[in-house]
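Q: structure of the sequence below:
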Amino acid sequence: MTKIKICGITNESETEVLNRMQVDYAGFVFFEKSKRNVSIERAKEIKKSLNPSIQTVAVTVNPAPDLIEKIVEAGFDILQIHKMKEFPENLKIPVWVAYQVRSREDAGAIKVPDGASGILLDAPEYGSGRTFSWKDFPMEKRREWQERKTPFILAGGLSCENVEEGIRLFKPDVVDVSSSVEGEHGKDNKKVEAFVRKVREHE
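A: Numbering: from 1, shown residues only. As a prediction, this is how the structure comes out:
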C-alpha cells in the first residue's frame, strides 16, 4: 500500500484531518524562504496534537549541523534534506535525500548516498504545484532503486487529478502532497480527505 505524507503543517488545526484520515507522515518545513516555514519550538507544540502513529518529517534545505541536532533533540522521526552538500554522519534518525528534477539528465545523474533511508523526487520549483516531467524520467533509475530496496517518495505537484497516474508510473512507497491540499489558512480538510481517498481507492 502506498503511504501518504501531508507536508507543510503550520498549525494545530491541520492535525485533526491528518489524525482522522490516518495518514502516515506529517511534514514540517524548516526553511526560512518557505511560506510554510515554522520554528522548531512551534513544530514541537503542533506535534503534540498528532496521533503518535503518524511519523514526523523535518524538511530542510542544506541544514547546518546545529539545526540537525535540534531536529533530532525535538524528536522528529525522519530528516528530509534538499540540496544536500554532504551526507550527515552518525545520525540517530533516518534520512530522506530529496532531488529537484529539472531534466532527464538531472534524473539520470542521481546517485543515492550510502546510508540514505529514502530518495525523494521533487519538482524543479518548490511549492509550485507542478510536477517534474514524468514522461521524460529515465525509468531505469526507478528500477535501480527498487532493486536496491531504497524507499522512494514521489513529490512535486501531486493532486487528486494526477496522483493515480503517478502511482501507476512510479509505484512509489510514499506520495507527498502540499500545495494542492492547501486552503486559505493552511491545509484544507476536504482537499486532504479527497487526496487520501484517491490514493487509497487506487490500491
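Q: from the centroid of this protein, which residue is nearest?
A: In the chain, the residue lying closest to the centroid (Cα atoms, centre = their mean) is Asp176, at 4.6 Å.
Q: report pLDDT for the spatially closest residue to it that is not a sequence neighbour.
A: Of all residues not flanking Asp176 in the chain, Ala155 sits nearest, at 3.7 Å (Cβ to Cβ, 6 or more residues apart in numbering). (Each C-beta comes from the backbone N, C-alpha and C, glycine too.) pLDDT recorded at Ala155 is 96.
Q: and the residue nearest to the centre of the chain, that's in a helix?
A: No: Asp176 sits outside any helix when classified using DSSP: H, G, I helix; E, B strand; the rest coil, being strand.
Q: isn't it up against Pro151?
A: No: the criterion here is Cβ atoms under 8 Å, and Asp176 misses it with Pro151 at 11.9 Å.
Q: in three-state terms, label the nearest residue to Ile78 once chain neighbours are set aside for me.
A: Once flanking residues are discounted, Ile78 sits nearest to Val57: 4.5 Å by Cβ to Cβ, 6+ apart. Judged by three-state DSSP, the three-state class of Val57 is strand.
Q: which strand residues bridge the residue nearest to the centre of the chain?
A: Under DSSP bridges, the beta-bridge partners of Asp176 are Lys5.
Q: can you pull the contacts of it?
A: Lys5, Cys7, Tyr25, Gly27, Leu120, Ile153, Leu154, Ala155, Leu158 (Cβ atoms under 8 Å, 6 or more residues apart in numbering).
Q: rewinding a little: gap between the residue nearest to Asp176 and Ser103?
A: 17 Å (Cβ to Cβ, to the nearest Å).
Q: more neighbours: these two, which one.
A: The residue with more neighbours, out of Ala155 and Ser103, is Ala155; 28 against 13, by other Cβ atoms under 10 Å.
Q: just the strands in this structure please.
A: Ranges of strands in the chain, per DSSP state E, are 3-7, 25-30, 55-61, 78-82, 95-100, 118-122, 152-154, 174-177, 182-183, 186-187.
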